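*Asks:* got a structure for you, letters missing:
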């Protein structure tokens with residue numbers, strides 16, 4: 001049995017991964033708030049942005065945390081196609097949940113189904129990401145901890161969608177995003193503590209890419225996307241601000257006419 005280290009780089013990866021989860025959650029909540037105040041194509045675009053932000057934040061959190069994962073007695077590589085599939089799954093399921101909440105007339109039913117679907121999707125993303133791990137040995141899982149991680153994912157996803165429906169103020173969104181980031185991180189590390197590895201010493205070359213060759217550049221790119229999108233959302237006027245601006249211009253236009 002190989003010794004597993006979930007923080008081989010110290011506190012850097014847990015703290016940075018938590019920050020990524022919080023940023024994605026905060027951006028997703030703000031975009032959802034904007035979407036619920038919009039109509040037509042604008043609502044759809046805000047919901048897509050919200051889903052991509054939350055999905056990107058969750059995926060980036062997972063793989064930034066995985067930068068600190070090591071197993072004694074073996075190198076670790078990642079299957080590139082399967083890792084990309086895990087990212088697409090994260091975005092697709094979050095998109096389904098966000099759209100269910102954004103367009104459904106029965107918010108309670110949409111919250112339940114959306115939270116369940118999104119939570120299972122987040123868990124699927126995590127375990128697809130783990131399936132992409134290549135090492136010398138066999139990976140096993142504690143079924144109780146796996147079940148607990150899935151439950152945490154469903155609860156966290158439901159809480160996120162509830163917050164999107166009920167939390168409006170920037171301060172409340174910030175607090176909610178910190179809580180959601182903690183929930184997503186808890187789901188990840190619960191799932192990681194379920195892992196056991198029976199190492200089989202070998203001098204063979206493992207297939208796939210190292211974390212620094214593939215995961216790190218992709219995580220940096222997605223993290224940059226989150227920061228740039230956050231800046232865009234922060235600078236974009238809200239529906240109320242646009243309405244106030246339009247109201248202020250009407251008297252001037254009438255006077256000119």
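*Replies:* Okay, I see it. Since the structure is predicted, the reported quantities are computational estimates derived from the model, not experimental observations. Numbers count the residues shown, from 1 in each chain.
*Asks:* Return the helix or strand in the chain with minimum mean pLDDT.
*Replies:* helix 239-256 (a mean of 52; mean pLDDT, DSSP states H and E).
*Asks:* Spatially central residue in the chain, please.
*Replies:* By CA atoms, centre = their mean, the mean C-alpha position of the chain lies nearest to residue 58, the distance being 2.0 Å.
*Asks:* surely that one meets residue 183?
*Replies:* No: with contacts counted by CB atoms under 8 Å, residue 58 stays clear of residue 183, the gap being 10.5 Å. In this view, the C-beta of every residue, glycine as well, is placed from N, C-alpha and C.
*Asks:* Any chance you could list what contacts stretch 161-176?
*Replies:* Here stretch 161-176 makes contact (CB atoms under 8 Å, 6 or more residues apart in numbering) with 25-26, 28-30, 32-33, 36, 50, 97-98, 101, 107, 111, 114-115, 118, 160, 180.
*Asks:* if you set the cut-off to 7 Å instead, what comes out?
*Replies:* Counting contacts by CB atoms under 7 Å, 6 or more residues apart in numbering, the residues outside stretch 161-176 that touch it are 26, 29, 30, 32, 33, 97, 101, 107, 111, 114, 115, 118.
*Asks:* Please spell out which residues along it are buried.
*Replies:* For stretch 161-176, the neighbour count (16 or more other CB atoms under 10 Å) marks 161, 162, 163, 164, 165, 167, 173, 174, 176 as buried.
*Asks:* Turn those residues into JSON lines, columns for distance to residue 222.
*Replies:* JSON lines is the format used below for the buried residues of stretch 161-176 (distance: CB to CB, whole Å):
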{"residue": "161", "distance to residue 222": "22"}
{"residue": "162", "distance to residue 222": "26"}
{"residue": "163", "distance to residue 222": "22"}
{"residue": "164", "distance to residue 222": "21"}
{"residue": "165", "distance to residue 222": "26"}
{"residue": "167", "distance to residue 222": "25"}
{"residue": "173", "distance to residue 222": "21"}
{"residue": "174", "distance to residue 222": "21"}
{"residue": "176", "distance to residue 222": "22"}
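*Asks:* Tell me how far residue 9 lies from residue 122.
*Replies:* Look at residue 9 and residue 122: by CB to CB, to the nearest Å, they are 24 Å apart.
*Asks:* Between those two, which has more neighbouring residues?
*Replies:* For residue 9 and residue 122, the more surrounded residue by other CB atoms under 10 Å is residue 122, and the numbers stand at 30 against 13.
*Asks:* Relative to residue 45, how far out is that one?
*Replies:* Counting by CB to CB, the gap from residue 122 to residue 45 is 23 Å.
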